[in-house]
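# any chance you could fold what I've pasted below:
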Amino acid sequence: MHDETLAEPAEHTTNPGGEGDAPHRGPGPRLMGASTLTGNDVFNDHDEDLGEIREIMLDMRTGRVGYAVLSFGGFMGLGDKLFAVPWAALELDTSSRCFMLRVSKARLQGAPGFDKQHWPDMADAEWAKGVHQFYGTQPQGEPPPDP
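From the prediction side, this is the model:
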């Protein structure tokens, strides 16, 4: 049902820096290569398919992941609408090997999006504010708003 690119980490027979031959799991799921995440499916909590991760956008000043670019709609890459989803809005579901985004399919259709020929200026503070407001997240490094 879900994409297989979120492979289980390989099991190793040695434990670097540890004792003897204790099994050691690979880097996932806490640390994973960005290329292993692109192409993975995104579902919501109603098991609706919301699309797939196309890109992982890194904040080059902080070294943190800022956004995942979600591709939604279209067929075979044609007519897709792209959405910059704040990384904090996504949850990795390792058992189903997909990402969870707690947004209905109908709401996602109204999200601020773009097409592959017209990307927004993701460094623009006003653009980022609107995206974070839509998904209910905060830009990294900023405190949450007062209640």
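# helices or strands next to the lengthiest helix in the chain in the packing?
With secondary structure taken from DSSP state H, the chain has its longest helix at helix 125-135. Under the contact criterion of 3 or more Cβ pairs under 8 Å, 6 or more residues apart in numbering; DSSP states H and E, helix 125-135 touches strand 81-86. (Each C-beta comes from the backbone N, C-alpha and C, glycine too.)
# report the mean per-residue pLDDT for the longest helix of the chain.
Here helix 125-135 scores 94 as its mean pLDDT.
# residues in contact with that helix?
If you take Cβ atoms under 8 Å, 6 or more residues apart in numbering as the criterion, helix 125-135 is touched by 67, 84-86, 88-89, 103, 111-112, 120-122, 138-139.
# which parts of the protein are strands?
11-12, 24-25, 41-43, 49-59, 64-72, 81-86, 90-93, 98-101 (DSSP state E).
# could these be laid out in JSON lines, adding mean pLDDT and mean neighbour count?
Below are those laid out as JSON lines (pLDDT from 0 to 100; neighbours: other Cβ atoms under 10 Å):
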{"stretch": "strand 11-12", "mean pLDDT": "35", "mean neighbour count": "11"}
{"stretch": "strand 24-25", "mean pLDDT": "54", "mean neighbour count": "14"}
{"stretch": "strand 41-43", "mean pLDDT": "96", "mean neighbour count": "22"}
{"stretch": "strand 49-59", "mean pLDDT": "93", "mean neighbour count": "18"}
{"stretch": "strand 64-72", "mean pLDDT": "93", "mean neighbour count": "20"}
{"stretch": "strand 81-86", "mean pLDDT": "95", "mean neighbour count": "22"}
{"stretch": "strand 90-93", "mean pLDDT": "92", "mean neighbour count": "17"}
{"stretch": "strand 98-101", "mean pLDDT": "95", "mean neighbour count": "22"}
